[in-house]
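**Student:** Here's a sequence, model it:
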Amino acid sequence: MLKNYESMIILEPSFTDETSKQHNEKIVSFIKEHGGEVVNTDDWGKKKLAYEIQDFDEGYYFINYFSFDPQKIMDYERELKLDEKVIRFNILVK
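**Tutor:** Numbers count the residues shown, from 1 in each chain. Just a heads-up that it's a prediction; the model follows:
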């Protein structure tokens with residue numbers, strides 16, 4: 001049974017607007033390839049961070065709303081941890 005999740009991702013600011021969207025599409029593709037369904041994606045664009053993260057003071061924000069198998073959510077988390085362009089993320093159950 002699928003659960004609903006919300007995941008905010010902050011990508012490093014070295015991207016352009018277009019390449020940041022392409023990188024988020026790779027993350028969305030991972031969800032779809034592993035049996036998930038992406039409901040919506042909010043693109044907040046490049047924003048200043050409240051505090052420095054990994055020597056960055058700004059980043060590209062994306063919020064992905066999706067349904068995913070709870071047994072596979074650790075795989076999704078591992079994928080985000082291994083992605084060097086993701087400077088911060090969170091995963092919330094809705």
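**Student:** Quick one: the helices in the chain, in order.
**Tutor:** Ranges of helices within the chain are 17-33, 73-82, based on DSSP state H.
**Student:** Could I get those in TSV, plus columns for distance to residue 41, mean neighbour count and mean pLDDT?
**Tutor:** C-betas here are computed from N, CA, C, even on glycine. Listed next are the helices of the chain as TSV, based on distance: least, Cβ to Cβ, whole Å; neighbours: other Cβ atoms under 10 Å; pLDDT from 0 to 100:
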stretch	distance to residue 41	mean neighbour count	mean pLDDT
helix 17-33	7	15	96
helix 73-82	15	13	96
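**Student:** if we look at the longest strand anywhere in the chain, which residues are touching it?
**Tutor:** Ranked by residue count under DSSP state E, the longest strand found in the chain is strand 37-53. By Cβ atoms under 8 Å, 6 or more residues apart in numbering, the list of residues contacting strand 37-53 from outside reads 2, 4, 10, 13, 17, 20-21, 24, 28, 31-32, 56-68, 87-88.
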